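Visitor: Task: produce atomic coordinates for the following.
(2 chains)
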Amino acid sequence: MDKNRIGINQLALLYLLSIAGGKFLTLPSILAKDVGHDSWLVLLFSFLWDAICLVFLLFAVRLNQEKQLDISAILDRTVTKVVSKIVMAIFFAIFIIRANILLSSCYKMFAVTFDVSTNWIVYVIPIVVISFFAVKLGFNSIARTTQLLFGIIFICVFVLVFSPISQVEFTSLLPVGEAGWGKILATSFTRSFWFSDYLFIYFVFDSIKVNKNRVFAPVIVAFVIGAVLTVLMNAMFVALYGDLAQDFDLAMTKIGVYFVSNSSNGRWDWLTLSIWLMSVIIKIIVFIYCAYKSLEKIFGFNKDKFNWYAGVFIVALLMLPMFISADVVLSTVVMWGLVPFVLVQYLLPIALPFLTKLALRKEVANG
Amino acid sequence: MDDIKRTAIVIAALAVLLLISSSFVGSNIMNRAIIIGVGVDKLEDGVRLTAEIVSPGNGSEQVGTYSKIVSANGRSVGQAIQKIAELTGKEASLGRCLLIILGQDFYENTDFADTIDYFINSDSFKESSAICCCEGSAEELMNKGPAVAQSVSLALTTLLQDQAKKVAIVTNTLLDYTLSQKNMLKTGFLNKVKFLPSQNTDSNKPDQEQGFFTINDLTVFRDNNFDCDLTPDESIGLALFNDKVLGDTFSSDASGKLLTVNVNSKKIDKKIKDGEVTITIKLFVKLARTDSADVEGVFVSQDKKEIPKETINDITEQARQLSQAVIDRQISQNFDLIKIHDLYRQKQGSNKELENKPMEEFNVNLKVEVIEK
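Guide: Take a look at the predicted model:
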């Protein structure tokens, strides 16, 4: 059995957790700094671009059902091997930066919320070990873990998002579009790095199991639920905190803390937050998995054997937050790499059905 | 060879586990001073911070004692909290703090923006904590004993966060107050806590002064500086503008009989039309009885009508006068507690001109309706 095999429903659940996993931490304050109370509109537009790309990507998945070519095979056959390797290098950069930013946010959240202090190396190593173990076991292990934990994680997400809703004055979000529609759209572009959670699908492109051609429905439903929850949570955050939203780095911690107003309730936000954090950890594991697979595709490692050089390289890169803060990375590296990142985040999925069709045609022609 | 490999993996895994577990340093709860309320007073050169501390695990001496009050001086609140940690020998933990009290000398003679920033910008501090100011010193207030509770902080928090909403008193959380000092005219209010002594019935603390706390007086602040005190009528009037605060009570003998009615729910509608702000306050009332004074909300079944028309008219006039008093004071003192500026901001966005627009330039039309439900 293919150890990377993933069912379309598993993929949908993982995608849903990925959407909700990372955007409840530092992103809301960054967007509040950019466009104030209109930050929920930035999310709305970003999800709109994501939705368009996702449809194209899923269409490519459907086309690929019979032959099950992997992403590098498609790129190798259509846009040359050199371009294929460049694309994989961009993917690698995206996944490593995203993993580092999420790790930094989680690190701060642990320290602030749970009052646990540790050093970065000891904090990162267990997560990396699990990620490499997932590489060894195959993507199916991540998918099964997601399936197992999905219910409880999602209950916690609902509790965290909906608990303070009665105390939120949504009129604070008026007037809609005050920051200016041009600025909102521009921010949606400059902050695009935080979106396109479907990127991991590229790395299981040849292993997706589809029942009766049902590719679109489960994934689109998962996407819509994830997008609605994220927009709602962001709207609540800026409505609740107003001008202060930009000063609070960890949105979910703040919302959790806000609601536990009375002593008799205790700090039950600790319970929901710690369970929700599992989705962030799963997302980090997916990023590390994909980063490893990008290296595998660039250098052509043996797929059946874990490559320790690649492992050590990834670990070394995950130590960077000890020397560079996430803020600096976001304002420099991510801004410099915006155009290439946008190419693989948005252009590649739109082009993928055509590339897949072309690659399949060549496959048939070559026998 | 396989056995050696397996053993090596197990030993390596144990070593990693040991390293990891010993590196996650949690704080022992026994070594923490859990602060549930803080009071801030002014000193010549800094602040005096008084903290109510719940410190678990003090052994049998703690039986019957809920909390202890500790005070310390510092140039800033942060420094004074550090001093408390020194005094108690425990790490001061503010993640469970429910209440901030500002002493009179402190709030009347200090720009306390830095103190507010210190609390609100801390990630683990609950910005939903209650905040108030007090008559006299916060330290003295925190050393008094509540007559029907064991802890000053818990008694005041319950009053400010729960009970106030049922007895028509407006209150603020730290977040609401902080936002009020940043938006538009930068004006907001805090409840002024006063102590009413009663007979001490606690044999465990025979020397402690015991009594009740009142929170119905309001003090207005502008950009974290003292501005003015509201009169009792203005404080009651302000509650009428808040639909989350219920329990307003009116008495009238207009029908020839002295009747008392309670407000069970409210509907506040604010509109801007032709450059005029129209505020409509709809009060849904019920005749007060010993068994029917509950706050019931909007979704209630219709009951028989018992209140005479004359009483309704009289109460309408009383409510109109009380709410008009707030509007008049807002104009004379130029503060905005009923958020007229915010209403305009929602419509046209924020700009410097609106932010600084004086209250007298707004044309406010007030309508009050009293409906028996």
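Visitor: buried ones in stretch A:91-110?
Guide: Within stretch A:91-110, the residues that qualify as buried by neighbour count (16 or more other CB atoms under 10 Å in any protein chain shown) are A:91-110. (Glycine included, C-beta is placed from N, CA and C.)
Visitor: Revised request: answer the last question for stretch B:327-344.
Guide: Using 16+ other CB under 10 Å as the test for burial, stretch B:327-344 gives B:327, B:329-330, B:333, B:335-344.
Visitor: so how far is stretch A:211-221 from its chain's centroid?
Guide: Taking CA atoms, centre = their mean, to the nearest Å, one finds the center of stretch A:211-221 at 20 Å from the center of the full chain.
Visitor: Check stretch A:54-63 too.
Guide: Computed by CA atoms, centre = their mean, the separation of stretch A:54-63 from the middle of its chain amounts to 18 Å.
Visitor: re earlier: ok, and which of the buried residues of stretch A:91-110 reach chain B?
Guide: A:Lys108 (CB under 8 Å from any CB of the partner chain).
Visitor: now, which of the buried residues of stretch B:327-344 lie within helices?
Guide: With helices taken from DSSP state H, the overlap with those comprises B:Ile327, B:Arg329, B:Gln330, B:Gln333, B:Ile340, B:His341, B:Asp342, B:Leu343, B:Tyr344.
Visitor: And these, which is closest to B:Ile11?
Guide: Distance ranking of those against B:Ile11, using CB to CB, places B:Asp342 first at 65.0 Å.
Visitor: In terms of pLDDT, where does that closest one sit?
Guide: The confidence metric pLDDT takes the value 92 at B:Asp342.
Visitor: How about B:Thr178?
Guide: Looking at B:Thr178, its pLDDT stands at 96.
Visitor: Would you mind listing what in chain B touches chain A?
Guide: The interface of chain B toward chain A, taken as CB under 8 Å from any CB, is made up of B:16, B:19-20, B:23-27, B:36, B:93, B:95-96, B:98, B:120-121, B:123-129, B:154, B:157, B:161-162, B:173, B:175, B:178-179, B:182-183, B:345-350.
Visitor: Okay, and which of those map to helices?
Guide: Mapping these onto helices (DSSP H) picks out B:16, B:19-20, B:23, B:120, B:154, B:157, B:175, B:178-179, B:345-348.
Visitor: Of the residues of chain B next to chain A, keep whichever come out buried.
Guide: Neighbour counting with 16+ other CB under 10 Å marks B:20, B:36, B:93, B:95-96, B:98, B:120, B:123-129, B:154, B:157, B:161, B:173, B:175, B:178-179, B:183, B:345-346, B:350 as buried within the residues of chain B next to chain A.
Visitor: Give the helix, strand or coil label for the nearest residue to B:Glu139 once chain neighbours are set aside.
Guide: If the residues on either side of it in the chain are set aside, B:Glu139 comes closest to B:Thr50, at 4.3 Å by CB to CB, 6 or more residues apart in numbering or on different chains. Going by DSSP: H, G, I helix; E, B strand; the rest coil, the secondary structure assigned to B:Thr50 is strand.
Visitor: Tell me which residues touch B:Thr50, please.
Guide: Contacts were defined as CB atoms under 8 Å, 6 or more residues apart in numbering or on different chains; by that measure B:Thr50 touches B:Val38, B:Gly39, B:Val40, B:Asp41, B:Ile69, B:Val70, B:Ser71, B:Ala138, B:Glu139, B:Met142, B:Asn143.
Visitor: Would you check that the last one makes contact with B:Gln208?
Guide: Yes - judged on CB atoms under 8 Å, B:Asn143 makes contact with B:Gln208 at a distance of 7.4 Å.
Visitor: Neighbour count: the two, which is higher?
Guide: For B:Asn143 and B:Gln208, the more surrounded residue by other CB atoms under 10 Å in any protein chain shown is B:Asn143, and the numbers stand at 16 against 11.
Visitor: Tell me which residues touch that one, please.
Guide: Under the contact definition (CB under 8 Å, 6+ apart), the residues listed for B:Asn143 are B:Thr50, B:Ile69, B:Val152, B:Gln208.
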